[in-house]
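Trainee: Sequence plus predicted model, see below.
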Number of protein chains: 2
Amino acid sequence: MTEARWLTSDEDRAWRGYRRMRSLLDLQLARDLMSDSGLSEADYDVLSTLSETDGHRLRLRELAAHLLWSTSRVSHHTARMQQRGLVVREETPGDARGSMVVLTGEGLHTIREAAPAHVASVRRHLIDLLTKKELAALDTLSHRVIERLGGAAR
Amino acid sequence: MTEARWLTSDEDRAWRGYRRMRSLLDLQLARDLMSDSGLSEADYDVLSTLSETDGHRLRLRELAAHLLWSTSRVSHHTARMQQRGLVVREETPGDARGSMVVLTGEGLHTIREAAPAHVASVRRHLIDLLTKKELAALDTLSHRVIERLGGAAR
DNA sequence: GGTACTTTGGTGACATGTCACCAAAGTACC
DNA sequence: GGTACTTTGGTGACATGTCACCAAAGTACC
């Protein structure tokens, strides 16, 4: 390791701040989302990812790649969401192994109802608290980190 | 709601970037930590929190407050860590309900061994990728968000 | 010191996520 | 078209986290 072994006090402060923001923000957004719409963050992510695609459908493996989840997790989670009527699985034309996860009408309705309150929550607890410069810095630095982690941003 | 209903494209880009950085960084740090030291992030957080206190001990409830965990979660998790010899529970003098979670010698040794590699991982994947200004912006904005969320930073 | 209320931590049932493994289908190449 | 290999998605066992609930102890106040 050619890098310094410890964090400077500025670095440590920023790192702890980031971690704490991350935890608190997560908790708050999850609380708001559950009380406003009865959805978990996982549910919301699945629904919103699907709603942004053509035909409101994705192969299970692609959905997993978008969400950065294992296929196993997607398989289990969508099975539960299917029980609740939010998605269905359909066969993939041309690949008999394939499983398409498709938004139902109810799923689409659910995400459309849930989105405005969720966006408001994100604004209230994060976006509206940042200056233009901070927002720009967050954008730039996060995309740099993503790139280094090979995260082929969507 | 007096706020705008949607995010502008700059805001949306920053928000998605933040979320993706958060997920990728978590996965990478957890992977590094597990392969370097055999610890989960939860284990690491418990050990490092305790190691920073006087006497390397904290009442269960205080530990929960530091970690932003439920007492139930701390109870379950420390029971498992006790099995592995990393912590023990002791009675609290002066409060017969109380449970002190105390780092064992092995727990202290474990966190001391684990810390340098973890710090290096944090540097490599985040800190060293940021400019001075970005680091300062991250510090400032995260503490502002924490404050609004009533998160009485430690 | 008795009564009502609060705090603390634990527990078991259940929800969610991970891991190892598998079967079926697809692909490459002869 | 047969053989070896890869990809896809599912499954069950298990690890981890959440939730509702409880018992025991502590506190306040008369």
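Mentor: Right, received. Where do you want to start? Numbers count the residues shown, from 1 in each chain, chains lettered A, B, ... in the order given.

Trainee: Residue ranges in chain A under the pLDDT threshold?
Mentor: Low-confidence segments of chain A, defined by pLDDT under 70: A:1-4, A:151-154.

Trainee: Contact residues of chain A facing DNA strand D?
Mentor: Contact residues, chain A versus DNA strand D (C-beta under 7 Å from any atom of the strand): A:59-61, A:71-72, A:74-76, A:78-79, A:89, A:92, A:95, A:97-99. For the C-beta atoms, the positions are set from N, CA and C on the backbone; glycine is no exception.

Trainee: Apply the buried test to those residues and list what passes.
Mentor: A:60, A:74-75, A:78, A:89, A:99 (16 or more other C-beta atoms under 10 Å in any protein chain shown).

Trainee: Which of the residues you listed fall in helices?
Mentor: A:60, A:74-75, A:78 (DSSP state H).

Trainee: Quick check: of the residues you listed, which lies closest to residue B:14?
Mentor: Here the nearest of these to residue B:14, counting by C-beta to C-beta, is residue A:74; it sits at 26.7 Å.

Trainee: Roughly how far does that closest one sit from residue A:65?
Mentor: With distances taken as C-beta to C-beta, to the nearest Å, residue A:74 is found 10 Å from residue A:65.

Trainee: One more: residue A:118?
Mentor: Look at residue A:118 and residue A:65: by C-beta to C-beta, they are 23 Å apart.

Trainee: again, but for residue A:99
Mentor: Separation of residue A:99 from residue A:65 (C-beta to C-beta): 14 Å.

Trainee: again with residue A:21
Mentor: As judged by C-beta to C-beta, residue A:21 and residue A:65 stand 27 Å apart.

Trainee: between those two, which one's more packed in?
Mentor: Neighbours around residue A:21 and residue A:65, counted as other C-beta atoms under 10 Å in any protein chain shown, are more numerous at residue A:21. The numbers are 24 against 15.

Trainee: closest point of chain A to DNA strand D, which residue?
Mentor: At 2.7 Å from DNA strand D, residue A:61 is the closest residue in chain A, using C-beta to the nearest atom of the strand.

Trainee: show me what contacts that residue?
Mentor: Taking C-beta atoms under 8 Å, 6 or more residues apart in numbering or on different chains, we find residue A:61 in contact with residue A:71.

Trainee: hang on, the earlier thing: including distance to residue A:17, could the ones in helices among the buried ones among the residues of chain A next to DNA strand D go into JSON lines?
Mentor: Output for these, formatted as JSON lines (distance: C-beta to C-beta, whole Å):
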{"residue": "A:60", "distance to residue A:17": "37"}
{"residue": "A:74", "distance to residue A:17": "33"}
{"residue": "A:75", "distance to residue A:17": "37"}
{"residue": "A:78", "distance to residue A:17": "36"}
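
Trainee: Chain A: helices as residue ranges?
Mentor: Remark: helices assigned in chain A by DSSP H are A:9-37, A:41-51, A:60-67, A:71-83, A:105-125, A:132-148.

Trainee: same for the fourth one, what does it pack against?
Mentor: To tie it back to what came earlier, the one meant is helix A:71-83. If you count contacts as 3 or more C-beta pairs under 8 Å, 6 or more residues apart in numbering or on different chains; DSSP states H and E, helix A:71-83 packs onto helix A:41-51, helix A:60-67, strand A:87-92.
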